[in-house]
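Chemist: can't give you the sequence, but here's the structure:
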């Protein structure tokens with residue numbers, strides 16, 4: 001299995017980065033060689049979440065100052081994972097954030113070709129089985145490039161009306177055009193709205209029909225995770241937490257979809 005997954009959302013605050021990082025962690029725990037790339041150039045968070053300091057960043061790679069393998073940090077030993085966990089961080093300096101906002105479409109096309117070429121090197125040279133892109137929310141050149149470089153998109157949404165309506169627009173305006181297989185994941189659902197038994201099945205069927213997408217799951221809003229504020233990777237530090245178990249179910253569904261591609 002050599003596939004790329006993009007984790008995307010209509011707007012910020014859906015928990016997209018947490019989903020991407022913990023999904024990569026779960027795969028590494030299970031012995032899969034996985035590479036997590038931070039393509040959220042508006043609000044890069046991977047360095048903070050994994051508590052690392054990168055000497056080279058994905059910004060350097062896209063500017064052709066280094067190769068993608070120069071950017072990657074191998075965190076397998078740090079987290080005692082059975083598989084390799086490679087992480088590529090984006091620069092979080094004010095200068096870098098400002099610089100990425102000025103890029104034109106010509107530069108982004110070169111960046112896309114560079115990303116696509118680097119994928120095969122990750123597969124062939126490092127034995128990576130899954131690449132996971134954490135993307136900028138909404139429609140930006142960088143997020144479109146990450147989506148176009150992927151085989152499957154995990155579309156993360158909350159259940160507020162604004163997010164749901166915007167997510168529908170993404171599906172019809174962007175994903176249909178790109179022709180990428182996509183699955184919908186509802187995240188941070190308040191406990192009082194979290195359905196059980198038949199109620200959950202009815203919710204999944206209705207949401208799947210509204211978006212015309214496969215439904216990947218529902219993950220509640222856990223107060224302890226919100227209080228943690230992104231200071232820890234739940235999949236590594238709390239493997240029996242309901243969030244970890246719910247995301248494990250999502251991972252299985254995503255892998256099933258990828259096997260059909």
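Modeler: In hand now; what should we look at? Quick caveat: nothing in here was measured; it's all calculated off a predicted structure. Numbers count the residues shown, from 1 in each chain.
Chemist: Which secondary structure element of this protein has the lowest mean pLDDT?
Modeler: Ranked by mean pLDDT, DSSP states H and E, the weakest helix or strand in the chain is helix 198-211, scoring a mean of 78.
Chemist: chain center to that one: distance?
Modeler: 23 Å (CA atoms, centre = their mean, to the nearest Å).
Chemist: Ok, stretch 183-192 next?
Modeler: The answer for stretch 183-192 is 16 Å, by CA atoms, centre = their mean.
Chemist: Now do the buried residues in it.
Modeler: 183-189 (16 or more other CB atoms under 10 Å). Glycine gets a C-beta too; all of them are placed from N, C-alpha and C.
Chemist: One more: stretch 207-223?
Modeler: Here stretch 207-223 shows 207, 211, 213-222 as buried, counting by 16+ other CB under 10 Å.
Chemist: just stretch 17-34 next, same as before
Modeler: Quick answer for stretch 17-34 (16+ other CB under 10 Å): 17-29, 32-34.
Chemist: Surely residue 43 touches residue 12?
Modeler: Yes. Because the distance of 6.9 Å satisfies CB atoms under 8 Å, residue 43 is recorded as touching residue 12.
Chemist: any idea of the mean pLDDT for stretch 8-24?
Modeler: The average pLDDT within stretch 8-24 is 95.
Chemist: swap in stretch 87-103?
Modeler: 95.
Chemist: can you list the residues that contact it?
Modeler: By CB atoms under 8 Å, 6 or more residues apart in numbering, the residues outside stretch 87-103 that reach it are 24, 35-42, 44, 46-48, 50, 52, 54, 57-61, 68, 71-73, 75, 111, 141-142.
Chemist: Quick check: ChimeraX command selecting the buried ones in those residues.
Modeler: Only the buried entries of these go into this ChimeraX selection, using 16+ other CB under 10 Å:
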select :24,35,36,37,38,39,40,41,42,44,46,47,50,54,57,58,59,60,61,68,71,72,73,75,111,141,142
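Chemist: returning to that earlier point: what's in contact with the least confident helix or strand of the chain?
Modeler: Residues contacting helix 198-211 (CB under 8 Å, 6+ apart): 164, 167-168, 171, 184, 186, 194-195, 214-215, 218.
Chemist: Just after the lengthiest helix in the chain, pick out the following helix or strand.
Modeler: Criterion DSSP state H: the longest helix present in the chain is helix 105-126. Later in the chain than helix 105-126, the nearest helix or strand by DSSP states H and E is strand 130-135.
Chemist: can you list contacts of whichever helix or strand comes after that following strand?
Modeler: Sequence-wise, the next helix or strand downstream of strand 130-135 (DSSP H and E) is helix 141-148. Helix 141-148 is contacted from outside by 6, 8, 37, 39-41, 100, 103, 105, 108, 111-112, 115, 133, 135-137, 153, 174-175, 178, 180, using CB under 8 Å, 6+ apart.
Chemist: For residue 174, the count of nearby residues, please.
Modeler: Close neighbours of residue 174, defined as other CB atoms under 10 Å, add up to 19.
Chemist: would it count as being in a strand?
Modeler: No. Going by DSSP: H, G, I helix; E, B strand; the rest coil, the assignment for residue 174 is helix, not a strand.
Chemist: What about the contacts of helix 198-211, which are in strands?
Modeler: 184, 186, 215, 218 (DSSP state E).
Chemist: my guess is the third one meets residue 183, correct?
Modeler: Put plainly, it is residue 215. Yes. The pair residue 215 and residue 183 passes the contact test of CB under 8 Å, sitting 7.1 Å apart.
Chemist: Which members of the contacts of stretch 87-103 are positioned in strands?
Modeler: 35-39, 73.
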